[in-house]
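1. predicted model follows, preceded by the sequence.
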Amino acid sequence: MTRLVALSAGVGEPSTTRMLADRLAAASGTALGGASIEVVNLRDFAHEITDAALTGFAAPRLQHVYDQVGAADALIVVVPTFKASYPGLFKSFVDALDNDALIGKVVLLAATGGTARHSMVIDFALRPLFAYLQSVIVPTGVFASPHDWGSAGEGTLQSRIERAAGELASLLAGAGSGRSKDDEIDLFSETMLSISQPD
Amino acid sequence: MSSMQIGIFTVGDVTTDPTNGTTPSEHERIKNTVAIAKKAEEVGLDVFATGEHHNPPFVPSSPTTTLAYIGAQTEKIILSTSTTLITTNDPVKIAEDYATLQHLVDGRMDLMLGRGNTAPVYPWFGKDISKAVELTIENYQLLQKLWSEPVVNWEGKFRTPLQGYTSTPAPLDGVAPFVWHGSIRTPEVAELAAFYGDGYFANNIFWPKEHYIRLINFYRQRYAHYGHGTPEQAIVGLGGQFFMRRNSQDAVNEFRPYFDNAPVYGHGPSMEDFTEQTPLTVGSPQQVLERTLAFADYFGDYQRQLFLVDHAGLPLKTVLEQLDLLGEILPTMRAEFNARRPANVPDAPTHAARVAARDAALNEEVSA
């Protein structure tokens, strides 16, 4: 079964970021015709994330999340907008990931914000980050401002959620970028081969 | 004699004591290092190793100077490094300096090579950090030649070619110092150690053991691949750290301010979490003994255990007390390690044993 992990970087409780993550996860599950879904609140790991930033390794609870992320077929990333970008807690979470953890991983990006004027945060902040991580980014990003939760008709939040979920399912059905994290040690790189061939 | 070597290694940091705000001068730190090394010999430890750094707050920029000075005041302890920078030092100078040290201390030394990860050090020494792995390989291959061939003709990418060059002095008894390769994340370094049949050292300090097991196992497999023996016979060294008092709660209370303000992990995880998740033990001598002996369960039987004891601003007096306590559990630690070691796992390397092995191999050739 397809494994989805949704990361919610909201820090409030209750959290509209978490609400959006839940809806994206459910819609993606439907679009895939079924999936195992894990929704993770980064707030629950705030101490471990800070510790990992200082020590360079993740405590067992946080390592379990990284393992889930690594094993997921696709990620759903939902962040609130703080000062025109994602929260520092979210960046610290990403900073402690292995460098190659998200290579080729299908990632759906979404954000919430206090006003629709933040809607470019997905494209100006999140998309470059995941481009750096060499993920396969779902074309449609889903931004929800306060009025989205009460609007109806054409272009509603729900229709954007379904469009993004459909794109995620379609990308997962294909070959992706053809790349993924490789745990094997490459014995045949030029550098590795040079070791046993002195002179 | 030395089936398992147990010793200490120092980073050489000058750190303020968080309990009273005092900071040793560089002079005091250097002299303290010598006092610590002499104490290590006094309590019966097998190895003293010093780091090499070229930036504050660290003092050990000239390891062979310090080790030779210690060597003149000790008789048994093996002098080593943790680590000698194979990237930014000229291998020609490493060959000379460490061969000189080897003669001065009658073979009572070896060295551990490492890359160093302080970015500005590379340009300060005219090197490019993006070439660190390539520098490690080329420099070590040259170092091997310098110590094994009387006249060297060599050309590489990173230094002036050598034509008709002879490294002086030649190694003592014609046997080069034993080399350990220290690394915690670079498979190329494990491969380098395996290819040459050298030792491999994982600092085993700051991370959970799982982070070190992968490369140690890779090194063991490659050691066998290159025909030096079985994977179990590869030469492995580990770091470790502890703070102990006879009463474990005293150890916890006394070490906590040092832990909470330590340069590496301070202001992060609680001491309880960190001791649970990493090899750090804060407690009684018995707890340190049991935790250390368990390392062999995770990493396989190994040859050298080095502890970090003089860091985080601990005063000299406290460090010397730590060594007294280590000295008390040392006979048991050594005996237990040796008791669990299968007969086919080699002893820790010494100069005398390496000379004997070389001579035995030569005799075999002659009689064959």
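-> Yep, it's here.
2. let me see the mean pLDDT of the helix or strand containing A:S92.
-> Using DSSP states H and E, the element containing A:S92 is helix A:88-95. Confidence over helix A:88-95, taken as the mean pLDDT, stands at 98.
3. ok, and what's touching it?
-> A:7, A:9, A:11, A:42-43, A:45-46, A:49-50, A:52-53, A:79, A:82, A:129, A:133 (C-beta atoms under 8 Å, 6 or more residues apart in numbering or on different chains). Heads up, the C-betas are built off the backbone N, CA and C, glycines and all.
4. switch to 7 Å and redo it
-> By C-beta atoms under 7 Å, 6 or more residues apart in numbering or on different chains, the list of residues contacting helix A:88-95 from outside reads A:A9, A:V11, A:L42, A:A46, A:I49, A:T50, A:A53, A:V79, A:L129.
5. quick check: residues of chain A near chain B?
-> A:50-51, A:54-57, A:59, A:185, A:191-192, A:194-196, A:198 (C-beta under 7 Å from any C-beta of the partner chain).
6. possible to save the residues you listed as CSV with neighbour count and pLDDT?
-> Rendered in CSV, the data for the residues of chain A next to chain B read as follows (neighbours: other C-beta atoms under 10 Å in any protein chain shown; pLDDT from 0 to 100):
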residue, neighbour count, pLDDT
A:T50, 17, 96
A:D51, 24, 96
A:L54, 15, 94
A:T55, 21, 93
A:G56, 14, 92
A:F57, 18, 94
A:A59, 20, 96
A:I185, 16, 91
A:T191, 14, 95
A:M192, 17, 95
A:S194, 17, 95
A:I195, 23, 96
A:S196, 15, 94
A:P198, 15, 88
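7. that older thread, from the contacts of helix A:88-95, which is closest to chain B?
-> Comparing the contacts of helix A:88-95 against chain B with C-beta to the nearest C-beta places A:T50 closest, at 6.8 Å.
8. residues contacting A:Y66?
-> By C-beta under 7 Å, 6+ apart, the contact set of A:Y66 is A:A58, A:L97.
9. any idea how far chain B is from it?
-> 12 Å (C-beta to the nearest C-beta, to the nearest Å).
10. A helix includes that residue, no?
-> Yes: with DSSP: H, G, I helix; E, B strand; the rest coil as the criterion, A:Y66 is part of a helix.
11. and it, what pLDDT?
-> 98.
12. cool, and the one 4 residues further on?
-> A:G70 is assigned a pLDDT of 96 by the prediction.
13. which residues are in contact with it?
-> With contacts defined as C-beta under 7 Å, 6+ apart, A:G70 is in contact with A:A101, A:K181.
14. mind redoing it with 6 Å?
-> With C-beta atoms under 6 Å, 6 or more residues apart in numbering or on different chains as the criterion, the residues that contact A:G70 are A:A101.
15. sort out for me which of the residues of chain A next to chain B are in helices.
-> Among the residues of chain A next to chain B, the residues falling in helices (DSSP state H) are A:T50, A:D51, A:L54, A:T55, A:T191, A:M192, A:S194, A:I195.
16. re the thing from before, residues of the helix holding A:S92 that come out buried?
-> Judged by neighbour count (16 or more other C-beta atoms under 10 Å in any protein chain shown), helix A:88-95 contains these buried residues: A:L89, A:F90, A:K91, A:S92, A:F93, A:V94.
17. stretch B:248-260 now?
-> Going by neighbour count (16+ other C-beta under 10 Å), the buried part of stretch B:248-260 is B:S248, B:A251, B:V252, B:E254, B:F255, B:R256, B:P257, B:Y258, B:F259.
18. specify which member of those is nearest to chain A.
-> Distance to chain A, by C-beta to the nearest C-beta, is smallest for B:F259 among the buried residues of stretch B:248-260, at 12.0 Å.
19. isn't the closest one up against B:M271?
-> Yes: B:F259 sits in contact with B:M271 when judged by C-beta atoms under 6 Å, with a separation of 4.5 Å.
20. can you tell me the closest non-neighbouring residue to A:A72?
-> Counting by C-beta to C-beta, 6 or more residues apart in numbering or on different chains, A:V5 is the residue found nearest to A:A72 once chain neighbours are left out, at 4.1 Å.
21. can you tell me the SS state at B:Q163?
-> Local secondary structure at B:Q163 is given as strand here, using three-state DSSP.
22. how about the closest residue in space to it that isn't next to it in sequence, secondary structure?
-> Counting by C-beta to C-beta, 6+ apart, the nearest residue to B:Q163 once its immediate chain neighbours are dropped is B:N153, at 5.6 Å. Here B:N153 takes the strand state, with states given by three-state DSSP.
23. what count of nearby residues applies to B:N153?
-> B:N153 has 12 neighbouring residues, counting by other C-beta atoms under 10 Å in any protein chain shown.
24. show the pLDDT at it.
-> At B:N153 the predicted local distance difference test score is 97.
25. distance of it relative to B:L326?
-> B:N153 sits 48 Å away from B:L326 when distances are taken as C-beta to C-beta, to the nearest Å.
26. with B:Y265 instead?
-> Spatial separation of B:Y265 from B:L326 under the definition C-beta to C-beta is 22 Å.
27. between the two, which is the more surrounded one?
-> Neighbour count, other C-beta under 10 Å: between B:Y265 and B:L326, B:L326 has more, with 26 against 22.
28. which SS class is that one?
-> Per three-state DSSP, the local secondary structure of B:L326 is helix.
29. likewise B:A251?
-> Local secondary structure at B:A251 is given as helix here, using three-state DSSP.
30. my guess is it contacts B:F243. True?
-> Yes: between B:A251 and B:F243 there is a contact under C-beta under 6 Å: 5.5 Å.
31. residues in contact with both of those two, list them for me.
-> B:V282.
32. torsion angles phi and psi at the most centrally placed residue in chain A?
-> The C-alpha lying nearest the average C-alpha coordinate of chain A belongs to A:V77 (C-alpha atoms, centre = their mean; 3.5 Å). The phi and psi torsions at A:V77 (degrees, to the nearest 10) take the values phi -110, psi 120.
33. could you give the bridge partners of it?
-> Beta bridges link A:V77 to A:L7, A:L109 when assigned by DSSP bridges.
34. A:A58 and A:I49 touch, don't they?
-> No: counting by C-beta under 6 Å, A:A58 sits too far from A:I49 to count as a contact (8.4 Å).
35. gap between the residue nearest to A:I76 when sequence neighbours are not counted and A:S119?
-> Spatially, and ignoring its direct neighbours in sequence, A:I76 is nearest to A:A6 (3.9 Å; C-beta to C-beta, 6+ apart). If you measure A:A6 against A:S119 using C-beta to C-beta, the figure is 20 Å.
36. those two: which has the busier surroundings?
-> Comparing A:A6 with A:S119 by other C-beta under 10 Å, the one with more neighbours is A:A6, at 26 against 17.
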